[in-house]
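Participant: Sharing a model that was predicted from the sequence below.
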Amino acid sequence: MLDGQLQRTVPNRAVSFPLPFAHIRMKFKIGDETDQNLCRAMQHEFLRCGEAYQDFILASQQMRQGDESRALSYRAYNAYARFLLHLYEFLIACVQRDRNNTAQIPSDQADILIAVFAQRAFARVTATFNSAALGSAPFNAGVNVPIEMLKKFSVAFRKARNTAMGHVKHERAELDLSTFYRDHHKYLLSLYSGSIHMWGNIGEEFPDLGEVTAFSVLIKNTPPAVQPDLRSGDGVSFC
């Protein structure tokens, strides 16, 4: 394989195509410094995911209590969009750690790998509910979901993540995130809940996340954070 290229297998033949920024790819071994830093980043991302989901739960509970205001829909949408973003990025990091390589993963490969993750997670969650005599799982679906169905889910997951949170484009105003939630949330919940025990458990003392938890605004000669005056019309507009 040529340096700066990724070998991609297709039926009956193999082709190579350039991978952007391939020169900065980094292989590592489990337990080394890169791996430790990646694990800190993964826990940070998963904790962000949990915070976003808790915000979404609060907003959704208010909706079920009869609040149908645009402001609440805005909050619920934003929380769910953040949940999608952080969960997706966490799963991509899981793939990178499994490969011992921080190289960027092409979207078509990511779609397949996330579909496999979802199939395993969904089967594990439904089996846990059924075997523990707790009744059926909190959604109506069989344990063995066809991988082709889950590939469609993973593609929709990536597109929803990109549109709702990742990129500022006109498609955001047309994205039906309500339908995405109705059709796919059960798979996202399985992926999320299946990782809580390892990545979401904070313990008695908050974990050391490197420079994330070393961040401070209490630095000499640093101006304090202030809230901009939104009442003033003298700001600069770029549009």
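Facilitator: Yep, that arrived.

Participant: list the contacts for the residue lying closest to Thr102 once chain neighbours are set aside?
Facilitator: Setting aside the residues directly before and after it, Thr102 is nearest to Met26 in space (Cβ to Cβ, 6 or more residues apart in numbering), at 4.7 Å. All C-beta atoms are positioned from the backbone trio N, CA, C, and that covers glycine. By Cβ atoms under 8 Å, 6 or more residues apart in numbering, Met26 lies in contact with Thr34, Asn101, Thr102, Ala103.

Participant: where does the second one fall, phi/psi-wise?
Facilitator: Backbone torsions of Asn101, given as degrees, to the nearest 10, read phi -160, psi 130.

Participant: is it true that it touches Thr34?
Facilitator: No: at 9.9 Å, Asn101 and Thr34 do not qualify as touching, with contact defined as Cβ atoms under 8 Å.

Participant: shared neighbours, those two?
Facilitator: When contacts are counted by Cβ under 8 Å, 6+ apart, the set common to Asn101 and Thr34 consists of Met26, Phe28.

Participant: Can you point out the buried residues in the host helix or strand of Met149?
Facilitator: Secondary-structure element containing Met149, defined by DSSP states H and E: helix 147-161. By neighbour count, and taking 16 or more other Cβ atoms under 10 Å as the criterion, the buried residues in helix 147-161 are Leu150, Lys151, Phe153, Ser154, Val155, Ala156, Phe157, Arg158, Lys159, Ala160, Arg161.

Participant: Please produce a markdown table containing those, extended by pLDDT and distance to Ala41.
Facilitator: Supplementary listing: these in a markdown table, determined by pLDDT from 0 to 100; distance: Cβ to Cβ, whole Å:
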| residue | pLDDT | distance to Ala41 |
| --- | --- | --- |
| Leu150 | 92 | 26 |
| Lys151 | 93 | 27 |
| Phe153 | 95 | 25 |
| Ser154 | 95 | 22 |
| Val155 | 96 | 25 |
| Ala156 | 96 | 26 |
| Phe157 | 96 | 21 |
| Arg158 | 96 | 20 |
| Lys159 | 96 | 24 |
| Ala160 | 96 | 23 |
| Arg161 | 96 | 18 |
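
Participant: Output these as CSV; include the columns distance to Gln96.
Facilitator: Written out in CSV, the entries for the buried residues of helix 147-161 read as follows (distance: Cβ to Cβ, whole Å):
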residue, distance to Gln96
Leu150, 20
Lys151, 20
Phe153, 21
Ser154, 16
Val155, 20
Ala156, 22
Phe157, 18
Arg158, 16
Lys159, 21
Ala160, 22
Arg161, 17
